[in-house]
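Engineer: Please work out how this folds:
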Amino acid sequence: MIEERRIQIEDREIFYLKKAGVSAKATLIFIHGFPFSSAMWREQLEILPDGIEAFAADVRGFGKSTTSHSFFSVDLFARDLYAFLNALQLHQVILCGLSMGGYISLRAAQIDKSRIKGLILCDTNCIADTDESKLKRFATIDLVASGKKNEFAESFLKNLFAQSSFEKKNPGIELIRSIILSTAGSSICGTQLALASRTDTSAVLSEITVPALIIRGEHDKVMTPAQAVQLQEGIRRSELVIVPEAGHMSNLENPEVFNSSLLNFLSKHFG
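Structural biologist: From the prediction side, this is the model:
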């Protein structure tokens, strides 16, 4: 059973999903991508074994979490993550982040590796934006700020999902569309600036000694194969899984392979 909960942390209310564990041996934290919400992880929460307790929180300004401002940074999101863990008295956790969630996870590892028992990095990378990527983000800000969030959503969806997902009318497409359209323009624009200004976290890879799983959708248009290999080669105790018939949203596009890989990793290292 998945519980919906809220918690007040300083000046903001954080909404999160909780899957309780029975005699839990490990705690798993799911971190969503941009500009999504914890709803993207619901199926993964539902298939976890009894020995794993898990949480998926809405990042400030997204989903049902509030924010008092939109001056965001990946560093702020990572510190928010630790504030969330502190509020729930969660001491050591496994982090599972997709795209922006991966950026947050790697920045969290830089801040305090001692609290991370494992890493699952999905369709993400460790490098800072190129100038070309920054300019694309600035163009998105202009589009959304001019009241064209619908146009942004439709264009963005084409990059997120593999062509086969559109052909099969994958329900994840409508889920993500609805989440994007319900997200405040200020949060979208503020986070685009945060992503454009994020720091390179490649130096931390060699310092990560916990087990890690790298997942990439076979047809991901956002993250390159080389970026996934960089993570796998940089983290010594890591393995790389390529999810067939999936783009950037691998957990939604091919949940069978994604979930199997997730469960195998958890059973192998935390069972």
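
Engineer: Enumerate every residue touching E43.
Structural biologist: With Cβ atoms under 8 Å, 6 or more residues apart in numbering as the criterion, the residues that contact E43 are 251-252, 255, 259. Just so you know, the C-beta spots here come from the backbone N, C-alpha and C atoms, and that holds for glycine as well.

Engineer: between the residues you listed, which is nearest S186?
Structural biologist: Nearest to S186 among the contacts of E43 is L252, at 25.8 Å by Cβ to Cβ.

Engineer: Contact partners for that closest one?
Structural biologist: When contacts are counted by Cβ under 8 Å, 6+ apart, L252 touches 40, 43, 170, 172, 175-176.

Engineer: what comes up buried for stretch 175-185?
Structural biologist: Of the residues in stretch 175-185, 175-177, 179-180, 183, 185 count as buried by neighbour count, 16 or more other Cβ atoms under 10 Å.

Engineer: With only the CA atoms kept, save that stretch in CSV.
Structural biologist: As requested, C-alpha coordinates have been extracted for stretch 175-185 and formatted as CSV (Å, rounded to 0.1, in the frame of the first residue of the first chain):
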residue,chain,number,x,y,z
LEU,A,175,0.9,11.1,-17.2
ILE,A,176,4.0,13.2,-17.9
ARG,A,177,2.0,15.6,-20.1
SER,A,178,-0.5,16.3,-17.3
ILE,A,179,2.3,16.8,-14.7
ILE,A,180,4.1,19.3,-16.9
LEU,A,181,1.0,21.3,-17.6
SER,A,182,0.1,21.4,-13.9
THR,A,183,3.6,22.7,-13.0
ALA,A,184,4.0,26.4,-12.3
GLY,A,185,5.8,28.3,-15.0
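
Engineer: can you redo the contacts of E43 as a markdown table with secondary structure, pLDDT and distance to D123?
Structural biologist: As requested, the contacts of E43 are exported to a markdown table (DSSP: H, G, I helix; E, B strand; the rest coil; pLDDT from 0 to 100; distance: Cβ to Cβ, whole Å):
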| residue | secondary structure | pLDDT | distance to D123 |
| --- | --- | --- | --- |
| N251 | helix | 98 | 9 |
| L252 | helix | 98 | 11 |
| P255 | helix | 98 | 14 |
| N259 | helix | 98 | 15 |
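
Engineer: a markdown table please, covering those and showing distance to D220.
Structural biologist: Conversion of those to a markdown table gives the following (distance: Cβ to Cβ, whole Å):
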| residue | distance to D220 |
| --- | --- |
| N251 | 12 |
| L252 | 13 |
| P255 | 16 |
| N259 | 18 |
